[in-house]
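S.K.: Show me the folded form of this:
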Amino acid sequence: MKKFFANIWTKRVVSLLSAAYAFMACFLCYCSLFYSIDVHSNAGVCLMTTGISLIGLVAMLYSRKQIITKIASFVILPAMLPVVLFYFGEWFLIIPIVITGILIFLLSGAGEGVKTALGTVFLLLYIFGSLGYFLANSLFVTATKKEQIYSGASPSGKYRCYVINTKDSSNGSTAVYVEPDDADKSFKYVDFNIKNMQRIVYLERPLIDPEKSPMELKWETKTRQQITEEIEAISSEVVVHLSQAQLKKLGYTYEDKLILCGLTDEQYQAIGKSKGTDIYLNDLTAEQLAVLSLAKDDKGYYVPDPAPEIFEQLDLKKGPVYIKDMNDAWRAEYNVEKVDSVLLSSLSDKDLADFGVPESGDVLYFNGKPCFRYYVAVLENYFDLDHKSLSLF
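M.R.: Next up, the predicted model:
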């Protein structure tokens, strides 16, 4: 048995547990940035994290001279900094992991010089990170009082909504929020609930007092066709915003969605167009484009004589610069912007199905008026889980 534990390959295999423990710390770091935490049982969380930490600590001490364990010992403490800040107060989760991180960092097989240098860096990270976070919290968080007066889930279980009354210096407001209900991470003792994904679907000022004005929030299930008919009955000019991939499915090219913006009265007069109307580049002749210092060839619209700064930005030495290669700011310099909207009335039911809109889904009504329709949320990608947003406060 002694020979088995002294074997270098046994230590290398056990060092994989170090990597797994460091991965757990990184997972908590990720969750702290994009999810709020809801602990069901402090005792359960404490026992679970303490047990896992003891196993991890024994494995890391046994394999402390292996490269994987050395790297893991350098990862745990910085990964836990966001957890300490954003889950501040959840000590039954935090303390066992931080203590394990400190012990394995101090007792790992890394050189003393390396540990001294990194230890100093980690200490400064915690000091200045904590100071900056709590100072910014006290300075930039507005002094408002928020009260949740209603919450509920949609029939499909895909969405949840809640009503927030905000009391501030300007008579307050009442807002209805909707967020995905199927994006949370649930475990035995703790839930991680998606944050910064909520969308305000109704806002009213001043604040609605529920005692004086009863509120009715109601979910209904409606078909795709029913919703289309309801929206078109309101207006045939309703637009939806689509992604480039969706526009391509409809047959639109990049150039098809380029319009003019920010024109002066003289420019409108020079190209013979009325002010206040959407002017697509595809509707302009070569002479009209030339008035705006633009031109078109087989590759698309371009600027024949661009500003020198554009060459530096795009790392070009000469030649025309195409609109599709510019960023939004440079396109605006040449009075061009790209739009992603199409009329809802131009989309067939088959188009909606191709874009992933289910046959039926959830519609939310606030005091009898629709404020959220599932298929608009799907079309415009309200809840893009692949691009989560980070909010520090």
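
S.K.: what does the domain assignment say about this structure?
M.R.: The chain breaks down into these domains under automatic domain parsing: 2-140, 145-240+351-379, 245-339.

S.K.: contacting residues for residue 34?
M.R.: The contact partners of residue 34, taken as CB atoms under 8 Å, 6 or more residues apart in numbering, are 194, 195, 196, 388, 390. Placement of C-beta: from N, CA and C, glycine included.

S.K.: for residue 286, same thing?
M.R.: 295, 296.

S.K.: Quick check, pLDDT for it.
M.R.: Note on residue 286: pLDDT of 91.

S.K.: what's the answer for residue 99, then?
M.R.: For residue 99, the model assigns a pLDDT of 96.

S.K.: surely it meets residue 54?
M.R.: No. Residue 99 sits out of contact with residue 54 when judged by CB atoms under 8 Å, with a separation of 10.4 Å.

S.K.: May I see the buried residues of the helix or strand where residue 114 lies?
M.R.: Assessed by DSSP states H and E, residue 114 sits inside helix 112-140. For helix 112-140, the neighbour count (16 or more other CB atoms under 10 Å) marks 115, 118, 122, 126, 133 as buried.

S.K.: Over to stretch 263-281?
M.R.: 263, 268, 271, 273, 279, 281.

S.K.: Also stretch 350-359?
M.R.: Per 16+ other CB under 10 Å, stretch 350-359 contains these buried residues: 351, 352, 355, 357.

S.K.: Ok, stretch 57-70 next?
M.R.: Buried, per 16+ other CB under 10 Å, within stretch 57-70: 57, 59, 60, 62, 63, 64, 66, 68, 69, 70.

S.K.: what's the span of that stretch from first residue to last?
M.R.: For stretch 57-70, the first-to-last residue distance is 13 Å (CA to CA, to the nearest Å).

S.K.: what's the model's confidence in the helix holding residue 114, averaged?
M.R.: 89.

S.K.: I'd like the next helix or strand past that helix.
M.R.: Beyond helix 112-140 on the C-terminal side, the first helix or strand identified by DSSP H and E is strand 145-153.

S.K.: That next one pairs with which strands?
M.R.: Strand pairing for strand 145-153, determined by DSSP bridges: strand 159-167 (antiparallel).

S.K.: Alpha carbons only: can I get the strand it pairs with in PDB?
M.R.: C-alpha atoms of strand 159-167 as PDB (Å, rounded to 0.1, in the frame of the first residue of the first chain):
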ATOM      1  CA  TYR A 159     -41.300  32.900 -17.900                       C
ATOM      2  CA  ARG A 160     -41.900  34.500 -14.500                       C
ATOM      3  CA  CYS A 161     -43.100  37.900 -13.700                       C
ATOM      4  CA  TYR A 162     -43.200  40.200 -10.800                       C
ATOM      5  CA  VAL A 163     -44.500  43.700 -10.000                       C
ATOM      6  CA  ILE A 164     -42.200  46.200  -8.300                       C
ATOM      7  CA  ASN A 165     -43.300  49.400  -6.600                       C
ATOM      8  CA  THR A 166     -40.500  51.900  -6.400                       C
ATOM      9  CA  LYS A 167     -40.700  54.800  -4.000                       C
END
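
S.K.: Mind checking what helix or strand follows that strand in sequence?
M.R.: Assigned by DSSP H and E, the successor of strand 159-167 is strand 173-180.

S.K.: What strands line up against that following strand, and which way round?
M.R.: Partners of strand 173-180 in the sheet, by DSSP bridges, are strand 159-167 (antiparallel), strand 199-204 (antiparallel).

S.K.: would residue 89 count as being in a helix?
M.R.: No. Under DSSP: H, G, I helix; E, B strand; the rest coil, residue 89 falls outside any helix and is assigned coil.
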